[in-house]
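Asker: Sequence and predicted model, in that order:
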Amino acid sequence: VLDRGSSQHFLGLTHSARVPDAKTVWVWRERLKQHDLIGDISEAVSGQLARAGFIARGGQIIDASIVSAPIQRNSREENAAIGRGETPEDWSDAKRAQKDVDARWTTKHGKQYYGYKLPANSDRRWGFIRSAEVTVASVNDTRVFEGLLDPTNTSRDVYADRGYAKRAREVELRSQGYRPQIQRKGDAHRPLSQAQQRRNHRIAKQRAHGEHIFARLAQLGGKCIRTIGLARAKVQIGLKVAVHNLQRLSRMKERGIIPV
């Protein structure tokens with residue numbers, strides 16, 4: 001806000017000496033965490049989208065992205081205690097307040113990452129994030145898949161990558177009236193057929209639109225956070241999701257896009 005005139009104009013603080021400092025913003029975020037208000041903020045933003053006519057259309061794309069957090073330099077014994085849900089005996093209250101005991105390690109494409117994960121559901125037509133969850137990085141994406149489904153989407157297509165491929169899941173989706181568009185997974189003993197490869201390619205072209213939302217979040221600093229603990233991570237990432245949707249709504253209105 002202090003650095004950008006556009007931000008001052010948006011907040012109504014142009015040439016104002018009343019710009020809140022970092023401590024004020026931190027206290028505000030702590031109140032959001034204590035009263036668990038991120039869900040209310042998300043619902044309010046969804047209401048703005050609906051009133052503007054941008055209802056979920058074109059199917060839903062479910063994917064997840066890792067949100068990195070500062071790596072904790074703990075000893076092997078300290079990590080063992082944290083894994084058991086205990087606080088190391090030699091930690092003072094001050095040290096405990098500065099330690100993130102929720103973030104976890106995960107491996108993706110042969111590389112290790114530390115922090116949290118953002119599984120999200122975006123609609124294919126407009127690119128808004130319709131539902132999202134924040135977990136520690138070690139949680140498998142598929143564990144929150146069903147909870148992200150958006151029954152309000154006007155299309156019954158559900159797009160996802162091969163990491164979500166599971167026969168029982170597809171059977172359940174069809175029983176609920178969805179059309180699962182989940183990429184197939186092959187291996188050395190059972191390679192994909194040419195028809196399956198073509199199907200994967202067709203789905204990938206639709207899924208690419210879901211990757212765009214994570215790129216936009218990265219521009220907002222959404223791929224890295226410096227908060228401590230899962231509760232604060234949910235607030236920080238939840239606010240960035242809300243900002244993403246509001247920013248996209250504003251740009252669509254500026255371009256004169258009429259929802260149909």
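Answerer: Yep, it's here.

Asker: I'd like the next helix or strand past the strand or helix carrying Lys117.
Answerer: For Lys117, the enclosing helix or strand under DSSP states H and E is strand 111-123. With elements assigned by DSSP H and E, the helix or strand that comes after strand 111-123 is strand 129-132.

Asker: Give me the mean pLDDT for the strand holding Lys117.
Answerer: In this model, strand 111-123 carries a mean pLDDT of 95.

Asker: the residue most distant from the middle of this structure, which is it?
Answerer: Distance from the centre of the chain peaks at Asp90, with 35.2 Å (CA atoms, centre = their mean).

Asker: Show me what counts as buried in the strand holding Lys117.
Answerer: Within strand 111-123, the residues that count as buried by 16 or more other CB atoms under 10 Å are 113-123. No exception for glycine: its C-beta is placed from N, CA and C like everyone else's.

Asker: Dump those residues into CSV; add distance to Lys95 as well.
Answerer: Converted to CSV, these look like this (distance: CB to CB, whole Å):
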residue, distance to Lys95
Tyr113, 25
Tyr114, 19
Gly115, 20
Tyr116, 22
Lys117, 26
Leu118, 28
Pro119, 32
Ala120, 34
Asn121, 38
Ser122, 40
Asp123, 44
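
Asker: hmm, which two among the residues you listed are most spread apart?
Answerer: Farthest-apart pair in the buried residues of strand 111-123 is Tyr114 and Asp123; separation 30.9 Å (CB to CB).

Asker: Flag every buried residue along the worst-scoring helix or strand of the chain on mean pLDDT.
Answerer: Least confident helix or strand, the chain: helix 5-11 with a mean of 83, by mean pLDDT, DSSP states H and E. For helix 5-11, the neighbour count (16+ other CB under 10 Å) marks Gln8 as buried.

Asker: go on, stretch 218-229?
Answerer: Buried residues in stretch 218-229 (16+ other CB under 10 Å): 222-223, 225, 227-229.

Asker: What of stretch 239-249?
Answerer: Under 16+ other CB under 10 Å, the buried positions of stretch 239-249 are 239-242, 244-245, 248-249.

Asker: Looking at those, which one is closest to Ile41?
Answerer: Of the buried residues of stretch 239-249, the one sitting nearest to Ile41 (CB to CB) turns out to be Ala242, at 5.4 Å.

Asker: Kindly indicate whether that closest one is helix, strand or coil.
Answerer: Ala242 falls in the helix class when you classify it by DSSP: H, G, I helix; E, B strand; the rest coil.

Asker: ok, now Thr14?
Answerer: coil.

Asker: elements contacting the strand holding Lys117?
Answerer: strand 60-68, strand 104-108, strand 129-132, strand 135-136, helix 145-148, helix 194-219, helix 230-254 (3 or more CB pairs under 8 Å, 6 or more residues apart in numbering; DSSP states H and E).

Asker: residues in contact with the fourth one?
Answerer: Contact partners of strand 135-136, identified using CB atoms under 8 Å, 6 or more residues apart in numbering, comprise 102-104, 116-117, 119, 143-144, 230.

Asker: ok so, going back, now do the least confident helix or strand of the chain: distance to the chain's middle.
Answerer: Its chain's average C-alpha position is 26 Å from that of helix 5-11, according to CA atoms, centre = their mean, to the nearest Å.

Asker: By neighbour count, which bits of stretch 204-216 are buried? Give me those.
Answerer: For stretch 204-216, the buried set under the neighbour-count rule, 16+ other CB under 10 Å, comprises 207, 209-210, 213-214, 216.

Asker: and Thr14, which of the helices and strands packed on strand 111-123 is closest to it?
Answerer: helix 230-254 (17.8 Å).
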